[in-house]
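Novice: Structure for the following, please:
(chains A and B)
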Protein chains: 2
Amino acid sequence: MSSARVHLFDSTLRDGAQTHGVDFSTPDKAAIAVALDAMGIDYIEGGWPGANPTDDAFFADPPSLGRARLCAFGMTRRAGRSADNDPGLRALLEAKAPVAVLVGKSWDFQCKVALGVEPGENLHMIADSIAFMSREKAEAMYDAEHFFDGYKANPAYATATVKAALEAGARWAVLCDTNGGTLAHEIGEIITALVADGIPGDRLGIHAHNDTGNAVANSLAAVRAGARQVQGTLNGLGERCGNANLVSLIPSLMLKMDLDVGLSPEHLVKLTETSRALDERLNRAPDRRAPYVGESAFAHKGGLHVSAVEKDPRCYEHIDPALVGNKRQILVSDQAGRSNVLSRLREIGLTVDPDDPKIARVVEEVKLREFKGYAYDGAGASFELLARRLLHRVPEYFRLTSFRVIDERRWNAKGELITLSEATIKADIGGEHHMAVAEGNGPVNALDAALRKVLVPAYPHLAGLRLVDYKVRILTPEAATAAVTRVLIESADRAGNRWTTVGVSPNVIDASFNALHDSITFALLGANVPAAETATAAE
Amino acid sequence: MSSARVHLFDSTLRDGAQTHGVDFSTPDKAAIAVALDAMGIDYIEGGWPGANPTDDAFFADPPSLGRARLCAFGMTRRAGRSADNDPGLRALLEAKAPVAVLVGKSWDFQCKVALGVEPGENLHMIADSIAFMSREKAEAMYDAEHFFDGYKANPAYATATVKAALEAGARWAVLCDTNGGTLAHEIGEIITALVADGIPGDRLGIHAHNDTGNAVANSLAAVRAGARQVQGTLNGLGERCGNANLVSLIPSLMLKMDLDVGLSPEHLVKLTETSRALDERLNRAPDRRAPYVGESAFAHKGGLHVSAVEKDPRCYEHIDPALVGNKRQILVSDQAGRSNVLSRLREIGLTVDPDDPKIARVVEEVKLREFKGYAYDGAGASFELLARRLLHRVPEYFRLTSFRVIDERRWNAKGELITLSEATIKADIGGEHHMAVAEGNGPVNALDAALRKVLVPAYPHLAGLRLVDYKVRILTPEAATAAVTRVLIESADRAGNRWTTVGVSPNVIDASFNALHDSITFALLGANVPAAETATAAE
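Specialist: All right, here's what the predicted structure looks like:
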């Protein structure tokens, strides 16, 4: 394997823009390009000038970049036209980008079926277009569409297209697995054959798609066979199943294959933040299971794993999470043993004697409750309250006397069908009896509003509380009579803190109330609010 | 590469149960085991007897399976105890499963650090435990924990653990990349060396994790090197970044590597359905970008790709999606919408003239409603009702005048905190006014009961209706005020028919009522029940 430097090429803004549900604005594109540049990426493909107004606007006024070279994408010239007279190439020429990327056909079947062009004419289209762009731009490269399928069908022709591009002046020929169906061993064998045929690996790139779940492995196989440019996208964006995920590839290339990709360790530390920032911009929940950067990537759930990790992290961690800007996480669950619970208690900041028999009580209680349907690994705040109640004391901020929720659907005076929800809450706060009624756009919303009305006068801190997510699951739905409802509520305060609580009951309203109760108690406890007046402490 | 049959081993119910946020109930486990058996999987690992109440309950009364062998997981015996006197092995013995899987240490560093046991003693622990289980069970296998890390540190010792297990009678030694940090070329090289060392590939298995995004590729590399058992989970469930995804592996093994994995083409066609059913059970949105089975896996955006695919699907599809039970999707195209709707109407058995302008109305209405939050893919019964209402006529079996649901939590006379739900329904049936009140263990249950009380006298067919599942999802939860609730209800009748309906509203009770209304209408329509007395038909 050659030890020459590997170049990174990001296509988030071009191939990634094809992702279902992704719609970048021009400012989005500029911000992402700047973030990629700060990460140390060599090439940033910004889009396809002439294809849509967003890309035209981006290339008319691109962001200023540091080391990264901005690339504009286009197609080889049409049949029967000269390169300098082709409208597509002209748009590329006018784009303010030093690098032109030209895609062309490398599979003879595609020339005929998709383009209606003879394979011989296609070779001229590639050579002319690349020669033209090499003269006019700082750099040109050739995207060999369907290269691997083409090579399997007709190796001589596929190879000829790559040689035509390189001889015409392309800095790189990028071998594309356009349909994403090629496996790693095939990629390795084909690139090895090309290199043996005299094509230098440091003029070959790889562009893989994830249709078999092998895009990352296919890219690594290409690098092992000698290719020295790797294309991909942030978080594996891209049409169908996505492109090769650069966020997974970069640490494997640097930390496991010990290759120089032009990034310093300081660049690598930005990986987790860069990956999550993209999701924030797209208003998507980050994939918690993403390799290297996911929230769960270094999470430990099984009890045995946790105690071993505490003895030596190499027991269950393949790298130090800090290298990629991520961190370890200990979960509590049905699978949990003493060591999970102990390390969670330490994280919370509860100092306990590991031999305290109360620890066993917490473990037992968690197991018992999870059997009943509670789920503590997604509801850290409820776990903390449970542990604090069993180990110390938690103030009782209020005591519910009763609640009533009414949902009514009827025809109103205007002849419209309307649905109203109304909740009444009665509660003791510091020995005094309070009650309130409120409406909501649903029973839980009404209950939440009434509870707040009752509590805010005594606890003004709660005015800033928001319910940001609400999830319901019916457990053991097969046993209809024994069915239990689990409610998970995510809350937030004005400072941006978020916490999740869980409630379980056969009755969804009851389960929701329990989760709300935990959420409010957690908010007050976290802010060190004392219980009102004469309230007694409850164990 | 040996052409011997590859065996598939599913660990969804054991390693997959470690997934953050996944908490299988005992009925969940039974249902998933049955689905895996129907898919043609060889081995199904059901859990860890003795580790938690869910797994104990599962192994006390496991579902009856066809071809698949049920496996119970445990650890090799403790140091300083005989195998038949080890409490962990005893729990395994009592579990009603013909196969015992024993995990043990194959990395000498782990013996000392995690277990505090000398490497020599560890070899005895492996051999004794496997020999004991081989005698007592139909089959025993050895999970070689940290095998690859161990092999890299001390190849002789790691190999010795595998040999100890096989010589003691293990049918398989499964090589585990426990931390998930090994790359495909390393896996290939190490297994090739083991086979050269005389260990037959058809006694070796691979258990890969996805911490570098290579779990699928690592499994394929192991098979190419000779391993003949592949472990994984449905949808890649598993702790941290997940296990190897069997749903991605199976079609690559069968269609691309042409290996016999024991599945027929008819089994393979169930792949998409099996994958999505697991997500439904977990109340998760299926990953639309999943290889082979994702909704976007064969999606094409308008333009060049679509016209090329229409000329020849090989232009942009690596396999025929029908082979895995998936289908092509053409996005953002009215034409595609039409043909989609037409093919669904044909499926339902509605004969329509393709040029009927009402078809366009159905397409528009579906788009509009999906934009509002309806999801017709998972609610075939609601789609059918919508189409029938727009194209023909659907009887109006009843007309709701009003409903009211009251949920009350209070202290009863015995000093217990109780929650009651009560629903009142008023409705017109065949021109007559009816009303009923009923209690339930939650608001939807009460509403369902009251609705049945009102309707059963007029429509006795409804007495056999059961509500078997109820799912709630909050859409756009970030925009708290604009949040909309989607309810999916699955119903069943006495003949075993099942159907799913959808309701959407800002109010969860309202959404539930809408889904119940569709469910009842669908049941009556399917049984060819005419609307009562003087009821008029509604368009």
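Novice: hang on, isn't A:Thr419 packed against A:Glu408?
Specialist: Yes. Using C-beta atoms under 8 Å, A:Thr419 is in contact with A:Glu408, at 6.9 Å. No exception for glycine: its C-beta is placed from N, CA and C like everyone else's.
Novice: Report pLDDT for the closest residue to A:Asn340 other than its chain neighbours.
Specialist: With C-beta to C-beta, 6 or more residues apart in numbering or on different chains as the criterion, A:Asn340 has its nearest non-adjacent residue at 4.7 Å, and that residue is A:Val306. A:Val306 carries a pLDDT value of 73.
Novice: One more: the one 5 residues further on?
Specialist: Per-residue confidence (pLDDT) for A:Lys311: 79.
Novice: Quick one: residues contacting the nearest residue to it once chain neighbours are set aside.
Specialist: Closest residue to A:Lys311 apart from its sequence neighbours, by C-beta to C-beta, 6+ apart: B:Val113 at 5.4 Å. By C-beta atoms under 8 Å, 6 or more residues apart in numbering or on different chains, the residues touching B:Val113 are A:Ala308, A:Lys311, A:Asp312, A:Cys315.
Novice: Torsion angles phi and psi at the residue of chain A most remote from its centre?
Specialist: Going by C-alpha atoms, centre = their mean, the residue of chain A most distant from its centre is A:Ala413, 49.0 Å out. Backbone torsions of A:Ala413, given as degrees, to the nearest 10, read phi -60, psi -30.
Novice: how near is the spatially closest residue to A:Ala375 that is not a sequence neighbour to A:Ala379?
Specialist: Leaving aside its sequence neighbours, A:Ala375 sits nearest to B:Asp23 (C-beta to C-beta, 6+ apart; 4.7 Å). Separation of B:Asp23 from A:Ala379 (C-beta to C-beta, to the nearest Å): 11 Å.
Novice: Counting neighbours, go ahead and name the busier of those two.
Specialist: Taking neighbours as other C-beta atoms under 10 Å in any protein chain shown, B:Asp23 and A:Ala379 compare with A:Ala379 leading, 27 against 23.
Novice: Not counting its neighbours along the chain, what's nearest that one?
Specialist: Using C-beta to C-beta, 6+ apart, the closest residue to A:Ala379 is A:Val502 (3.8 Å).
Novice: re the thing from before, could you dump the contacts of B:Val113 to TSV with neighbour count and secondary structure?
Specialist: Output for these, formatted as TSV (neighbours: other C-beta atoms under 10 Å in any protein chain shown; DSSP: H, G, I helix; E, B strand; the rest coil):
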residue	neighbour count	secondary structure
A:Ala308	20	helix
A:Lys311	15	helix
A:Asp312	14	coil
A:Cys315	24	helix
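Novice: Of these, which is the nearest to A:Leu350?
Specialist: Checking these against A:Leu350 with C-beta to C-beta, the nearest one is A:Lys311 at 21.8 Å.
Novice: wait, that closest one sits on B:Lys112?
Specialist: No. Between A:Lys311 and B:Lys112 there is no contact, the gap being 9.9 Å when judged by C-beta under 8 Å.
Novice: Need the contact partners of the one helix or strand A:Ser402 maps to.
Specialist: A:Ser402 is part of strand A:399-411 when elements are defined by DSSP states H and E. If you take C-beta under 8 Å, 6+ apart as the criterion, strand A:399-411 is touched by A:417-429, A:433, A:442-443, A:446-447, A:450, A:509, A:513, A:517, B:400-411, B:443, B:507, B:509-510, B:513.
Novice: for whichever residue of the stretch 201-350 of chain A sits closest to chain B, what are its contacts?
Specialist: Residue nearest to chain B within the stretch 201-350 of chain A: A:His318 (2.6 Å; C-beta to the nearest C-beta). Residues near A:His318 by C-beta under 8 Å, 6+ apart: B:Asn179, B:Gly180, B:Gly181, B:Asp211, B:Thr212.
Novice: State the pLDDT value of it.
Specialist: At A:His318, the pLDDT recorded in the model is 94.
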